[in-house]
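Asks: Model the following, please.
(one chain, ligands or ions: 2)
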Amino acid sequence: MKIAILSRNKKLYSTRRLVEACEERGHEVRVIDTLRCYMNITSEKPELHYRGENLLDFDAVIPRIGASVTFYGTAVLRQFEMMGVFPVSESVAISRSRDKLRSLQLLSRVGVGMPKTGFANSPDDVQDLIKMVGGAPLVIKLLEGTQGIGVVLAETKKAAESVIEAFMGLKANILVQEFIKEAGGADIRCLVIGNRVVAAMQRQGAEGEFRSNLHRGGTASLIKLTPAERATAIKAAKVMGLNVAGVDLLRSDRGPLVMEVNSSPGLEGIESATGKDVAGMIIEFIEKTAKPHRTRTKGKG
Ligand code: ADP
Ligand code: MG
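Replies: Ligands and ions are numbered 1, 2, ... in the order given. The predicted structure is shown next:
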C-alpha cells in the first residue's frame, strides 16, 4: 500500500516509528508536512498539492495533527477523504475530540463515567457552578490546554472563585470539574486501536503534583486494566469515532472515569512502558480495514 503520514515533523518519535512500521511491513510511505499541503477545491476532482506536486494514489493516511494546527490539519485530512483515501481516523472525529466540552457531552450521552463537570459563561453564575460540581477542592481547566498546562487545582472555595473569575476576565473558555482525590495523582492511558485496547500504562505525577502528564514530570509504568476500564476505553473511542485513540481514565471509588480522548496519542511513552509495537499495530489495522477509494465520509461534516 501507499501510505501518507500527515505530520509536521518527520523527526518526532511517533512519526519515525510509524515510518519504520510501514517499511517493515513492505509499504510505501511518505511523511507529508500538513501545513505545506494546499488544495484545489473548485475542480470537479478534488486535488491536493504539496510543494508543487499533485499528491495522487495514496491508499491510506495517518493523521498526526497537533492541537495547534487542528483547523488547517482537519481540512487537509478532509481533502484526502474526498479523494477516497482511507483515514486512520476521520477528520470529523478529530475535530470532535479536540473540543473538550463537546467530547464530554458526547460521552455523557452514552453513559460513559466522567468526573462531574460544569461550564458557565458569566461570572454571576460562578457560585452556583462551584456548588453544582460538589464544591472545593475542584479542578479548573482551560478548554484549549494540553500537556497539563492550564489545569489548576483549587483547594478552597475562595481559591476556586478567584481562579474562575480571573480566567473569565481573560475571556478564556474553562470547565470546572470535581477533583478525584482517590486517583492519587495518577491516571491511566489506554491505547485503543479499532475496538481493542492494545496497550495501557499508568502515569504517576511527580511528588506533590496532582497532574500525571509525562511532560510535567510524571512517570509511566505497566498496569493491568480491569474489564470495566477496558470496556470504558473502547466505548469512549467508539463514541468519538476514533479508530486510534489515547483514552485517559481516572480510577475512582465509583469506577473508571474518562478525562479525555486524544486523537493523535504519542507513541513514545506507551511503547517504552509496555514494550509493545503500537506503531506496527496501527499499520496492521490499516491493512485490515482500508478500502481504497471507498472511505465512508468522502469528507462529509
Ligand atoms: P491536559 O489535556 O492538559 O493533559 P487533563 O484534563 O488530561 O489536561 O489533566 C491533566 C492531568 O491532571 C491529568 O492527567 C490528571 O492526572 C489530572 N487531573 C485532571 N483532571 C482531574 C480531576 N478531575 N481529578 C483529579 N485529577 C485530575
Ligand atoms: Mg491529559
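Asks: give me the beta-bridge partners of the residue positioned nearest the centre of the chain?
Replies: Closest residue to the average C-alpha location of the chain: residue 262 at 1.1 Å, with Cα atoms, centre = their mean. Per DSSP bridges, the residues bridged to residue 262 are residue 246.
Asks: can I assume it is in contact with residue 245?
Replies: Yes: counting by Cβ atoms under 8 Å, residue 262 touches residue 245, with 6.4 Å between them. All C-beta atoms are positioned from the backbone trio N, CA, C, and that covers glycine.
Asks: residues shared between the contacts of those two?
Replies: By Cβ atoms under 8 Å, 6 or more residues apart in numbering, residue 262 and residue 245 have these common neighbours: residue 97.
Asks: what helix or strand does residue 140 sit in?
Replies: Using DSSP states H and E, residue 140 maps to strand 138-142.
Asks: What residues does residue 4 make contact with?
Replies: By Cβ under 8 Å, 6+ apart, the neighbours of residue 4 are 29, 30, 31, 32, 55, 58, 60, 61, 62, 80, 85.
Asks: In three-state terms, label it for me.
Replies: Using DSSP: H, G, I helix; E, B strand; the rest coil, the structure places residue 4 in strand.
Asks: Same check on the one 4 residues further on?
Replies: Reducing the assignment at residue 8 to three states with three-state DSSP gives coil.
Asks: what number of residues lie near it?
Replies: Neighbour count of residue 8, defined by other Cβ atoms under 10 Å: 18.
Asks: Looks like it contacts residue 36 (just checking).
Replies: No: contact criterion Cβ under 8 Å: residue 8 and residue 36 do not qualify, at 9.1 Å.
Asks: Quick one: neighbours of residue 198, just the number.
Replies: Neighbours of residue 198 under the rule other Cβ under 10 Å: 19.
Asks: what sits against it?
Replies: By Cβ under 8 Å, 6+ apart, residue 198 lies in contact with 191, 192, 276, 278, 281.
Asks: Return the backbone torsion pair for it.
Replies: Dihedral angles of residue 198 (phi, psi; degrees, to the nearest 10) stand at phi -90, psi -20.
Asks: any idea how far it is from residue 72?
Replies: To residue 72, residue 198 is 30 Å away according to Cβ to Cβ, to the nearest Å.
Asks: Wondering if the following helix or strand past the strand holding residue 140 reaches ligand 1 at all.
Replies: Toward the C-terminal end, the helix or strand that comes next after strand 138-142 (DSSP H and E) is strand 151-154. Yes: residues of strand 151-154 are located near ligand 1 by Cβ under 6 Å from any ligand atom, namely residue 151.
Asks: Pull up the pairing partners for strand 151-154, direction included.
Replies: Strand pairing for strand 151-154, determined by DSSP bridges: strand 138-142 (antiparallel).
Asks: Enumerate the positions of stretch 113-123 that are buried.
Replies: The neighbour-count criterion (16 or more other Cβ atoms under 10 Å) identifies 113, 114, 115, 117, 118, 119, 120 as the buried residues of stretch 113-123.
Asks: now stretch 251-262
Replies: 251, 252, 256, 257, 258, 259, 260, 261, 262.
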